[in-house]
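Q: need a structure here:
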Amino acid sequence: MHRTIRTWLPCLALLAIAPAGCDEPRSMTSAEKAAAAKAKAAEPVKSKEILGKTTTDIRDTGAELSKGAVVANNQAEATKSVFAPSKQYISAIDRVAAMNIQHAVELYRAETGEYPKDYDDFMKNVIKKGQPDEIRLPKLPLYQEYSYDAPTHQLIVIEYPDRKKAGN
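A: Now for the predicted structure:
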């Protein structure tokens, strides 16, 4: 019985202290609220969140390359950076997305006997954007987008150097 009291006493002490906690003050003056709102508004724009998010935004490779986009090489970047774990995540999701789309394109070819004729045909019949069975892909960082290369029938990740510079 003496042992149980020694066990329960610290637990009761923690329960008594826990509600007090380390809370912030509950009352702020209007000047403090205004200053906090101003500081929050002055914060720089953050890049889009990508973990757990999906998209159906796939661009036409030819059109995007003519606008200054370049083909991304996420596999090479994944090993050369201090941010290797995040780069490896991006590299993995772009490979999985490419395999998923390649499978969907091959299924379309098996059903129809031909590959999608162009970007619009791909979006309508493979991705099926806006339909219940649409294909959703994991989001990429702000400076990268998915694109479909109709001549090779592949999903490609492209990046925009100007967006990448702005993010650093």
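Q: by mean pLDDT, point me to the weakest helix or strand of this structure.
A: Least confident helix or strand of the chain, by mean pLDDT, DSSP states H and E, is helix 74-77 with a mean of 59.
Q: after it, which helix or strand is next?
A: Counting by DSSP states H and E, the element after helix 74-77 in chain order, helix or strand, is helix 84-112.
Q: what residues does residue 102 make contact with?
A: When contacts are counted by CB atoms under 8 Å, 6 or more residues apart in numbering, residue 102 touches 153, 154, 155. C-beta coordinates here come from the backbone N, C-alpha and C atoms, glycine included.
Q: at 7 Å what do you get?
A: Contacts were defined as CB atoms under 7 Å, 6 or more residues apart in numbering; by that measure residue 102 touches residue 154.
Q: renumber starting at 304 from here on
A: In the new count, where the first residue is 304, that last one comes out as residue 405.
Q: and the pLDDT at it?
A: Looking at residue 405, its pLDDT reads 93.
Q: same question for residue 346.
A: The per-residue pLDDT reported for residue 346 equals 49.
Q: show me what contacts residue 430?
A: Neighbouring residues of residue 430 by CB under 7 Å, 6+ apart: 359, 361, 437, 438.
Q: so what pLDDT did it get?
A: Residue 430 is given a pLDDT of 91.
Q: residue 365 now?
A: Taking residue 365 on its own, its pLDDT is 89.
Q: tell me the SS of it?
A: Under DSSP: H, G, I helix; E, B strand; the rest coil, residue 365 falls in the helix class.
Q: what does residue 449 give?
A: Going by three-state DSSP: residue 449 is strand.
Q: packing partners of the helix or strand hosting residue 461?
A: Using DSSP H and E, the secondary-structure element containing residue 461 is strand 457-462. Counting contacts by 3 or more CB pairs under 7 Å, 6 or more residues apart in numbering; DSSP states H and E, strand 457-462 packs against helix 364-369, strand 373-374, helix 387-415, strand 447-452.
Q: related to what we said a few turns ago, and the contacts of residue 430, which two are furthest apart?
A: 361 and 437 (10.9 Å; CB to CB).
Q: the more surrounded of the two?
A: residue 361 (22 against 13; other CB atoms under 10 Å).
Q: any idea how far that one is from residue 333?
A: Residue 361 is 48 Å from residue 333, where distance means CB to CB, to the nearest Å.
Q: swap in residue 410?
A: Distance, residue 410 to residue 333, using CB to CB: 61 Å.
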